[in-house]
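In: Predicted model and sequence follow; I will ask about them next.
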Amino acid sequence: MFKKTFAVGMTLALAATIVGCGSDEKEKGGDQAAKTEKDPEKLIVGFIPSQNAENLSAKAKPLGDLLSKELGIPVEVQVTTNFNGLVEGMAAKKVDVGFLNPINYVFAHDQKKAVKVLLQTERNGSPSYRAMFVKRADDTTLNKIEDVKGKKIAFVDASSAAGYIYPAVMLKGANINPETDVKPVLAGGHDKALMALVRGDVDVATVFEDARTVITKEVPDAMTKLTPFAYSEDIPNDTVSIRNGFSDAFNKKVQDAFLAIMKTEEGKTIGKEIYSFDNLVVSDDKNFDPVRKAIEVMGIKPE
């Protein structure tokens, strides 16, 4: 059942992105001309559930309040039930602004032609991050990627850059099939993947660097109890993207509002709590070309 769900999820969520990765399609992408709508009377901001959805919603609400003050309109925050739900919500114009991870952004821009990127998150001054393979500290059988073969591994979500795509590329590079040469499970969140590892349900978890900090309330000694043993190449950080249809002036207004918020200590604190970022910077679609390449390397084909 897992394999079927896994394969179908990958195909529906990502395969079409490969089709849209040609230069002509990419240039059109989310910037394809659309009829300009009037400025919204209310803004819906969506978040992917990289951690417990209920906790994330509570942490994100203060950001919505600050954004409402900057824009002068009500702002509602929503946490989708899964990673692809945010893409679908923006494509259907049910969500206006989304914190899309790089994989979801490429899918929403190239295939759905639904969004434009406004900003990228920064962590410690960097617009990129890495995925990491994590083991329990007392497990001496795992020291390098090749040791993962045959192990039970907790991926996060089939459309998670750090939680699946980049780790899967690394496994393929070590001649390990990420579906058949390991025992994969989809945890549904970075925190959930790590908690599965803590409980002993899996041998390995693939998460963003350093996701261990997310579970220190539940597991105070997480930083010593869990040990990273392999890292991916750099991955572009998550985006703040806006759905197509709004005027350039409104897009700029939203962009400026987020930038203003992140100049405040309250904004920085909220950023760290929701997605572990401490700044937002203006972004460009070309920054995500390495992500398109990673998806292509995975060889996902539509069925």
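Out: Received, thanks.
In: what are the ranges of the helices in the chain?
Out: 2-10, 16-19, 23-28, 53-71, 83-91, 102-106, 166-173, 190-199, 222-225, 248-261, 265-275, 289-297 (DSSP state H).
In: now for these, which one comes closest to residue 281?
Out: helix 248-261 (8.3 Å; CB to CB). Yep, even glycine has a C-beta here, placed from its N, CA and C like the rest.
In: same for that closest one, what does it pack against?
Out: Using 3 or more CB pairs under 8 Å, 6 or more residues apart in numbering; DSSP states H and E, the elements in contact with helix 248-261 are helix 53-71, strand 115-122, strand 239-243, strand 279-282.
In: Turn these into a markdown table, including mean pLDDT.
Out: Below are the helices and strands packed on helix 248-261 laid out as a markdown table (pLDDT from 0 to 100):
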| stretch | mean pLDDT |
| --- | --- |
| helix 53-71 | 91 |
| strand 115-122 | 97 |
| strand 239-243 | 98 |
| strand 279-282 | 97 |
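In: picking that back up, which one of the helices of the chain is the most hemmed in?
Out: Counting by mean count of other CB atoms under 10 Å, helix 102-106 has the highest mean neighbour count of the helices of the chain, with a mean of 30.
In: and it, what does it pack onto?
Out: Secondary elements touching helix 102-106 (3+ CB pairs under 8 Å, 6+ apart): helix 83-91, strand 239-243, helix 289-297.
In: can you list contacts of that helix?
Out: Helix 102-106 is contacted from outside by 14, 17, 48, 83-84, 86-87, 98, 115, 117, 159-161, 165, 235-239, 241, 288, 291-292, 295, using CB atoms under 8 Å, 6 or more residues apart in numbering.
In: coming back round to it: can you tell me which of the helices and strands packed on helix 248-261 is nearest to residue 204?
Out: Using CB to CB, these put helix 53-71 closest to residue 204, at 24.1 Å.
In: quick one, what contacts the residue nearest the centre of the chain?
Out: When CA atoms, centre = their mean is applied to the chain, the residue found nearest the centroid is residue 101 (2.7 Å). Residues near residue 101 by CB under 8 Å, 6+ apart: 48, 50, 83, 159-161, 238-239.
In: What is the burial count for residue 139?
Out: With neighbours defined by other CB atoms under 10 Å, the count for residue 139 comes to 16.
In: Please report how far the closest residue to it other than its chain neighbours lies from residue 170.
Out: Using CB to CB, 6 or more residues apart in numbering and skipping the chain neighbours, the partner closest in space to residue 139 is residue 203 (6.9 Å). Here residue 203 is placed at a distance of 16 Å from residue 170 (CB to CB, to the nearest Å).
In: And residue 104, by the same measure?
Out: 20 Å.
In: Low-confidence bits of this protein, can you list those?
Out: For the chain, the stretches with pLDDT under 70 are 1-34, 50-53, 299-303.
In: tell me the domain ranges of it?
Out: The chain is divided into the following domains under automatic domain parsing: 2-26+42-124+237-297, 131-233.
In: can you redo the ones you listed as TSV with distance to residue 35?
Out: Shown next, in TSV, are the domains of the chain (distance: least, CB to CB, whole Å):
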stretch	distance to residue 35
domain 2-26+42-124+237-297	7
domain 131-233	29
